[in-house]
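> please find the sequence and the predicted model below.
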Amino acid sequence: MTATKIAPSKVSASRSRAIREALLAYGLLSPALLLFLGFTVFPLIFGLVISLYNWRTGPTDFIGLANYARALQPDSEMWRALGATVAYSLLSVPIQLFIALVLAYLLFQKIRGKSFFRVALFLPYVTSTVASAAVWARLYSPDIGVINQVLHFFGIQPLQWLLEDKGIFTMIASGLGVTLPAGVTGPSLALVSIVIYTTWVFVGYDMTIFLAGLGNIPAELYEVAKIDGAGGWALFRHITLPLLSPTTFFLSLITIIGTFKAFNHIWVMTRGDNGTTTASILIYRQLYEFQRAGYAAALAFMLFTVILIVTILQNRVAGRQVNY
Amino acid sequence: MADTAISISEQAAAAHTRRFNTRWLLYTILILIAIIALIPFAWMLLTSINDLGDVISLKVWPWPPLGNAAPQWKNYPDAIALIGTDPDTGMPMFFRQLLNTAFVTACVIIGVTVTSVMAAYAFAQLNFPGKSALFILVLATLMIPDDLTLIPRTVMMYKNYLNWYNSFAALTVPFLASAFGIFLIRQFFLQIPRDLFDAARIDGAGHMRYLLKVMIPLTRPAILTVALFNFIWTWNEFKWAQLVTRDNNMRMISVSLQVFLQGEGGTSTHLAMAVATMVVAPILVVFFFTQKYFTEGITTTGIKG
């Protein structure tokens, strides 16, 4: 009897507490959510609208899909930008991850000055990319550059680096006296120079993640394998590499995303000249230099749809190789 | 007996030299790589106090004992003078731009930390309808590349819309919330046992007191990591700042550096490096004192700038 009497007030008390809790939650969430709605979700829709107009500083006239059609023309700048972006990714991922893995493996041994090496390698990552790219542009300079000076010391011919729009395959072939079929030029030396710079920036970051991954591999596995007579390379090949594959997969994914986002250093070093106009540079230039907001918005949608599809496909394929 | 003893000690000695050799090789590689990592910084510093003539004739170190030049410390005041004077305050424009950068960075750090802690608390500790849908929305904003929304965001800053072009609002407001911050702090909040909340409840503490007195002190390292990463990103901000500011006295220092590189600094390499050094120095100082938070932040979330 008493129980039935108490129950309704208990229910309403707990309900009002739940309502108060929900209100508190919405209150706490609202600043962040409003900002996301205003500056991420709304711009997605607004971008679609802009892309349908001839839009300079404001809309002039509705032109439907003409901006998209213009970008999709064969041999348009969009395809070239897509090619440069993909080349940038395909070069960056293996070079960056290979060097980072070797370094992480070396630093994982019992050595002195571990934290010095970690800090030294991480410094480029925290430095302003505008500043460090300005430094590298001068290191690459054919006139006052230290890099050509070092090459000269080893008896190698000076190179044009960031100013070179010839493809590296063409350059290597002409160095060997071979002629390549037309169209097989490879990424420009300027783009390769940017890849080298990017490696310098991110290798310490990648290494830090690899070190964490190495720390998660149980030491007993190595001991058991050693008792079975496995040598250094076998240990690396059959224990370290497979158990590190989730880390490697994760790093290759964020490296790819990083190359798609790459902007500041390319802008400072080449402004997109000599085959270095990646997706991000192309979009920015259309807006910043030519005030073509409509066309730039259309480009952004198409380039990032393609890039999203490529990334998903890459995930599907690479994801199968990962051992969890 | 004697033979085997000798061969064993010989083997040990051989193993020792082999180990010594690989150690030696290991240190050589590491030191070489560290030198490559640091050379651009060294070159920047040396060039910033060098004479332009010596830079052009490739003398990286024209000072004693290799040469007899004197360090050109005046490159720094020269470069600052070239950037000009702020007509409003009469102070050198570069200092005004440094103040702009510091102000924008402070706003973003405070904003991001506050909004992230609030949202993270709701996601970690409270129950409410639509929780998982909203959390997925937050995660989804992490997946949307900045370039996809760059054009409409810029247009939104123009006259007929928000009219924020060339203002501090444009430089700060869009960055006051961070999905990465919410996600990282939520992860740390979730690790705090719920019993602690029940205990606080019995002591009469409400949600706000529990958040301020228990949760935040316990997760200080995670919150500091979020603040530090936003410090680095905002201090180094270039792309957006160049797009939405026009006047010299609204510029952030990275934009100012790029403008200088395109003008006077294009030929005066020594002055360009003096400006670059001044842009980089504050970040390096902060990094040296806080580097363990960076390592921790990276390994728990895998953020990439």
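Sure, I can see it.
> and the residue nearest to the spatial centre of chain A, what pLDDT?
By CA atoms, centre = their mean, chain A has its centre lying nearest to A:Gly258, at 1.3 Å. Confidence at A:Gly258, expressed as pLDDT, is 88.
> which strands or helices does whichever strand or helix holds it pack on?
Under the criterion of DSSP states H and E, A:Gly258 resides in helix A:241-261. Where contact means 3 or more CB pairs under 8 Å, 6 or more residues apart in numbering or on different chains; DSSP states H and E, helix A:241-261 is packed against helix A:77-108, helix A:189-215, helix A:279-288, helix A:293-319, helix B:146-156. (Glycine included, C-beta is placed from N, CA and C.)
> nearest to B:Phe94, out of those helices?
helix A:279-288 (23.4 Å; CB to CB).
> burial count for B:Ala205?
Neighbour count for B:Ala205, taken as other CB atoms under 10 Å in any protein chain shown: 16.
> would it count as being in a strand?
No: counting by DSSP: H, G, I helix; E, B strand; the rest coil, B:Ala205 is not found in a strand; it is coil.
> and the helix or strand hosting A:Lys226, how far out from the chain middle?
With secondary structure defined by DSSP H and E, A:Lys226 is part of helix A:219-227. Relative to the centre of its chain, helix A:219-227 is centred 36 Å away, using CA atoms, centre = their mean, to the nearest Å.
> CA atoms only: put it into PDB for me.
Output in PDB follows, covering the C-alpha atoms of helix A:219-227 (Å, rounded to 0.1, in the frame of the first residue of the first chain):
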ATOM      1  CA  ALA A 219      58.500  -8.300 -25.200                       C
ATOM      2  CA  GLU A 220      57.700 -12.000 -24.500                       C
ATOM      3  CA  LEU A 221      57.000 -12.500 -28.200                       C
ATOM      4  CA  TYR A 222      60.600 -11.600 -29.100                       C
ATOM      5  CA  GLU A 223      62.000 -13.800 -26.300                       C
ATOM      6  CA  VAL A 224      60.100 -16.800 -27.400                       C
ATOM      7  CA  ALA A 225      61.100 -16.300 -31.000                       C
ATOM      8  CA  LYS A 226      64.800 -15.800 -30.000                       C
ATOM      9  CA  ILE A 227      64.600 -19.200 -28.200                       C
END
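> between helix A:241-261 and it, find me the angle.
130 degrees (axes from the mean of the first three to the mean of the last three CA atoms, to 10 degrees).
> ok, back up a step: elements contacting the following helix or strand past the helix holding A:Gly258?
Following helix A:241-261 in sequence order, the next helix or strand is helix A:264-269 (DSSP H and E). For helix A:264-269, the contact count by 3+ CB pairs under 8 Å, 6+ apart identifies helix A:129-140, helix A:189-215, helix A:279-288, helix B:253-262 as packing neighbours.
> just want the angle from the third one to helix A:241-261.
It refers to helix A:279-288. Going by the same axes, to 10 degrees, helix A:279-288 makes 20 degrees with helix A:241-261.
> with the longest one instead?
Taking the same axes, to 10 degrees, helix A:189-215 and helix A:241-261 form an angle of 140 degrees between their directions.
> quick one: helix A:189-215 to helix A:77-108, angle?
Using the same axes, to 10 degrees: helix A:189-215 against helix A:77-108 is 40 degrees.
> got it, and the last one?
Orientation note: helix B:253-262 sits at an angle of 110 degrees relative to helix A:77-108 (the same axes, to 10 degrees).
> is helix B:253-262 anywhere near chain A?
Yes: for helix B:253-262 and chain A, the contact criterion (CB under 8 Å from any CB of the partner chain) is met by B:254, B:257-258, B:261.
> find the nearest non-adjacent residue to the most centrally placed residue in chain B, please.
Nearest to the mean C-alpha position of chain B, by CA atoms, centre = their mean, lies B:Ile232 at 2.0 Å. Leaving aside its sequence neighbours, B:Ile232 sits nearest to A:Val126 (CB to CB, 6 or more residues apart in numbering or on different chains; 5.4 Å).
> the one you found: neighbour count?
Neighbour count of A:Val126, defined by other CB under 10 Å: 25.
> ok, the one 3 residues further on next?
Here the count is done by other CB under 10 Å, and A:Thr129 has 26 residues near it.
> how about B:Met252?
26.
> can you pull the contacts of it?
For B:Met252, the contacting residues are B:97, B:100-101, B:104, B:171, B:237-238, B:241, B:245, by CB atoms under 8 Å, 6 or more residues apart in numbering or on different chains.
> try it again at 6 Å.
B:100-101, B:237, B:241 (CB atoms under 6 Å, 6 or more residues apart in numbering or on different chains).
> kindly report the same for A:Leu211.
Applying CB under 6 Å, 6+ apart to A:Leu211 gives the contacts A:Ala104.
> let's see 8 Å
Going by CB under 8 Å, 6+ apart, A:Leu211 touches A:104, A:107-108, A:118.
> so is the strand or helix carrying B:Gln187 next to chain A?
In the assignment (DSSP H and E), B:Gln187 maps to helix B:179-190. Yes: using CB under 8 Å from any CB, we find that helix B:179-190 touches chain A at B:179, B:182.
> how about the next helix or strand after that helix: buried residues?
For helix B:179-190, the succeeding helix or strand toward the C-terminus, using DSSP H and E, is helix B:194-202. In terms of neighbour count (16 or more other CB atoms under 10 Å in any protein chain shown), helix B:194-202 has its buried residues at B:197, B:200.
> likewise stretch A:22-29?
A:22, A:24-26, A:28-29.
> chain center to it: distance?
Its chain's C-alpha centre and that of stretch A:22-29 lie 35 Å apart, by CA atoms, centre = their mean.
> that stretch and chain B in contact?
Yes: contact of stretch A:22-29 with chain B (CB under 8 Å from any CB) involves A:22, A:24-26, A:28-29.
> just stretch A:61-80 next, same as before
No: Stretch A:61-80 lies out of reach of chain B by CB under 8 Å from any CB, never closer than 11.2 Å.
> quick one: end-to-end distance for that stretch.
One end of stretch A:61-80 to the other measures 28 Å (CA to CA, to the nearest Å).
> what about that stretch, average pLDDT?
Averaging pLDDT along stretch A:61-80 gives 93.
> so can I have CSV of the helices and strands packed on helix A:241-261 showing distance to B:Asn166?
CSV is the format used below for the helices and strands packed on helix A:241-261 (distance: least, CB to CB, whole Å):
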stretch, distance to B:Asn166
helix A:77-108, 29
helix A:189-215, 30
helix A:279-288, 14
helix A:293-319, 17
helix B:146-156, 12
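> quick one: closest of these to B:Trp24.
helix A:77-108 (12.7 Å).
> now do the closest one against helix A:293-319, angle only.
In terms of direction (the same axes, to 10 degrees), helix A:77-108 departs from helix A:293-319 by 40 degrees.
> any buried residues in helix A:77-108, and which?
Across helix A:77-108, burial judged by 16+ other CB under 10 Å covers A:77-78, A:81-82, A:84-89, A:91-93, A:95-97, A:99-101, A:103-108.
> ok, then the element right after it?
Immediately after helix A:77-108, counting by DSSP H and E, sits helix A:114-126.
> summarise which helices and strands that next one is packed against.
Looks like helix A:114-126 contacts helix A:77-108, helix A:189-215, helix B:2-48, helix B:269-301 (3+ CB pairs under 8 Å, 6+ apart).
> cutoff 10 Å now
Using 3 or more CB pairs under 10 Å, 6 or more residues apart in numbering or on different chains; DSSP states H and E as the contact definition, the elements that helix A:114-126 packs against are helix A:77-108, helix A:129-140, helix A:189-215, helix B:2-48, helix B:220-235, helix B:269-301.
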